[in-house]
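*Asks:* Need a 3D model of the following:
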Amino acid sequence: MLPEIHASDPTAHATVSALVSQFGEDACDVLADAGCRYVVLDPGQRYADVSAVLRRISANVDTWPIPPAGLCIVEERLVILRSLSPMTVVHESGHLLDVTLGGGVYLSGVDPRIRRAFAAATAFVTPYSASACDEYMAENLRAWNGHFGNDPHSLWPRATRERLLAVDPRMHDIVRALFEVDIPERAAAIRARRSMAA
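*Replies:* Residues are numbered from 1 along each chain as shown. Below is the predicted model of the structure:
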């Protein structure tokens, strides 16, 4: 089951749906069960138009010299997309997974294994992953799904599982465990709960 995706343009909806579904059925079930949502901005629409949190905190994201291509609002479990590039959609989906796995806060902010890996990293899968622990997590989750989460015109190195293993084997193992153990276990529990309720 896919999380909610709101887009007035059917092509935009199909693009986001296709990219998110590439995370696999288990991850999609986990995101959907947590109430995660995606909103694709229409031309002229502002981030604050779709986020009560951004309006409340007066973040003024829309007035930045270069507004972000996408934004994850943790409190709302919401991804807002201005760009539909694979890199943007998959990176922001990484933030949603981070929030969902953390139970409403970034797992990367509270899991000592991830924080230690970030602190000990001597190389990063992309330059942006060095900027903060949550960006490290999102970029490493993007790398795990790099076969569909890279843009051909990006100047950054391709974020792939192979590159992640080569530059940060500790984080590679953490991400592998998330996708091969933690997320499937959560998805199985969700499905069991659904079948009992039916």
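
*Asks:* doesn't residue 190 fall inside a helix?
*Replies:* Yes. Under DSSP: H, G, I helix; E, B strand; the rest coil, residue 190 sits within a helix.

*Asks:* pretty sure it contacts residue 28?
*Replies:* No. Counting by CB atoms under 8 Å, residue 190 stays clear of residue 28, with 10.5 Å between them. For every residue, glycine as well, the C-beta is placed using N, CA and C.

*Asks:* Who has more neighbours out of the two?
*Replies:* Taking other CB atoms under 10 Å, residue 190 and residue 28 do not tie; residue 28 has more neighbours (21 against 17).

*Asks:* Check what pLDDT the more buried one gets.
*Replies:* Looking at residue 28, its pLDDT is 97.

*Asks:* give me the element it is part of.
*Replies:* helix 25-33 (DSSP states H and E).

*Asks:* mind checking how far that helix is from the chain centre?
*Replies:* Centroid separation for helix 25-33 versus its chain: 12 Å, with CA atoms, centre = their mean, to the nearest Å.

*Asks:* Quick check: residue 182 vs residue 136, distance?
*Replies:* Distance of residue 182 to residue 136, given as CB to CB, to the nearest Å: 18 Å.

*Asks:* Cheers, nothing more for now.
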